[in-house]
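Colleague: Got a predicted structure plus its sequence, pasted below:
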Amino acid sequence: MISLKHIQKKFGFHVVFNDFSLSLPDRGLFLLVGDNGCGKSTLLYLLAGLDDQYKGEYLLNGKDMKSFTENQIDNIRRKDIGLLFSHGNLFSFMNVEENRKFDLPTNNIRFVDLEESQSVNCLSGGEELLLSLSNELGKRKKIYLFDEVTSALDQGNLIKVMDILKKQSQESLIVMATHDKRIMNEAHQIKIEANN
Amino acid sequence: MNKKIIKSVFSTEWIYGLIYGTFAFLSYCLLSFLLFDEKRVYSEYGGESMINGKDYDFIDILGVKGIARQSYILPFFFLMVATIVFFFLWSYLSYRKHCNDISLMRVRGISKSKSQFAFLRARGLLFLFASLISILPYILFIFAFYWVAQTKYIIIHFTPWVFLLIFISLLAFLIVSFPFYTKPYKKDRLIRFLRENY
């Protein structure tokens, strides 16, 4: 489904990927692991179609991402790719319910009990993340890209989230950049090294 | 979603709308003084009878007649410059307020027109609202002016040129605001922003 071939990526003189190749299947849970600055987040942005400043080929379902227009990539991201950060991805101008139903009015998935009319600015980091996660998973996208989403979770919520992700990974591809040692044995690991 | 964005912009930026409304009100008043037509007043009311009357003195004090009228050009010019500077400040502060939400919208695949430009449109609406509401105190000012002056002569009046001023100001507002809704959301800057904030 996802195929990266001979990717080269630089930030100025700093080479992040020298000749990086990777193939990922349609479904499964994969962890991107590696030291700080090795390129985990860069890879997620690239996979999400946000970053097109690279050399090489990124094929999504056999089609080169560079052949799509910006609007087409926006559409792909909206329909098929969910990107989630450690602080969640909630809109501050919407309350809990509006965020939950945004883009998906029938979303009834709840990982955490919250007052619907509550402002999202009052939520804790863990609550924000669980709400964001339920919003994203409710959309049943084909690919999920998560950046350090488990770091802020306590053990109880971590187990809950990992169970959900494992279940979801039977239908979708989930790629998660992480440093969280608690989950290292929970999924396939993709080791990223500096200057790959 | 557009309604949410409009509601958000109106509730978080009303103070800027209020400040701009004050600028607009002052500019309408100055425009009226600038457009005072001495010849019209003379021809309509027989200037000779005014020359030695209290009405003439009043006009003289206001400085809207003859060369003295030019003294309104400079304050009007400074007001316009201050308004443009205020547009920059407003746009920057608005960017700071909404950049997280707009960035997240871009990340979540929402198109430019539904994210970046939806906020710009909402601010344009707030601008128009403030501009049009300011016409009310302007009309009240004209009534108050005649009540204070107790003159039978129409010296200043409501001028339809305020609508042209609103249109030009709207253009200036959009031109100043536009870069704040495009440049920060170009891919390289967006990624840098995401790295720093998420």
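Modeller: Okay, I see it.

Colleague: quick one: is stretch A:127-138 near chain B?
Modeller: No - in terms of C-beta under 8 Å from any C-beta of the partner chain, no part of stretch A:127-138 sits within range of chain B; the closest distance is 9.0 Å. Placement of C-beta: from N, CA and C, glycine included.

Colleague: contact partners of that stretch?
Modeller: A:82, A:84, A:86-90, A:96, A:99-100, A:102, A:104, A:107-112, A:114, A:120, A:123, A:144, A:149, A:152-153, A:157, A:161, A:164, A:168 (C-beta atoms under 8 Å, 6 or more residues apart in numbering or on different chains).

Colleague: Strands - which of the residues you listed land there?
Modeller: Counted as lying in strands by DSSP state E, out of these, are A:82, A:84, A:144.

Colleague: How about the first one: what's its closest non-neighbour residue?
Modeller: If the residues on either side of it in the chain are set aside, residue A:82 comes closest to residue A:136, at 4.1 Å by C-beta to C-beta, 6 or more residues apart in numbering or on different chains.

Colleague: Are any of the contacts of stretch A:127-138 buried, and if so which?
Modeller: Neighbour counting with 16 or more other C-beta atoms under 10 Å in any protein chain shown marks A:82, A:84, A:86-90, A:96, A:99-100, A:102, A:107, A:111-112, A:114, A:120, A:123, A:144, A:149, A:152-153, A:157, A:161, A:164, A:168 as buried within the contacts of stretch A:127-138.

Colleague: Now, those that are in helices?
Modeller: A:96, A:99-100, A:157, A:161, A:164, A:168 (DSSP state H).

Colleague: will you turn these into CSV that also has distance to residue B:162 and pLDDT?
Modeller: What follows is these, written out as CSV (distance: C-beta to C-beta, whole Å; pLDDT from 0 to 100):
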residue, distance to residue B:162, pLDDT
A:96, 44, 88
A:99, 42, 86
A:100, 45, 84
A:157, 59, 83
A:161, 58, 85
A:164, 59, 87
A:168, 59, 88
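
Colleague: Near chain B, which residues of chain A are found?
Modeller: A:41, A:45, A:48, A:50-53, A:71, A:73-79, A:81, A:83, A:85-87, A:89-94, A:98, A:102-103, A:147.

Colleague: And the residues you listed, which of them are buried?
Modeller: Of the residues of chain A next to chain B, these count as buried by 16+ other C-beta under 10 Å: A:41, A:45, A:48, A:50-51, A:73-74, A:76-78, A:81, A:83, A:85-87, A:89-94, A:98, A:102-103, A:147.

Colleague: Show me what residue of chain B gets nearest to chain A.
Modeller: residue B:109 (3.0 Å; C-beta to the nearest C-beta).

Colleague: Is the residue nearest in space to the middle of chain A bridged to anything, and to what?
Modeller: By C-alpha atoms, centre = their mean, chain A has its centre lying nearest to residue A:145, at 1.7 Å. Residue A:145 has these beta-bridge partners by DSSP bridges: residue A:83, residue A:175.

Colleague: Distance check, it against residue A:2.
Modeller: 10 Å (C-beta to C-beta, to the nearest Å).

Colleague: Now the common contact residues for the two.
Modeller: residue A:47.

Colleague: ok, the worst-scoring helix or strand of chain A on mean pLDDT: who's next to it in the sheet?
Modeller: When the helices and strands of chain A are scored by mean pLDDT, DSSP states H and E, strand A:188-191 comes last with a mean of 81. Paired strands of strand A:188-191, with direction, are strand A:28-33 (parallel) (DSSP bridges).
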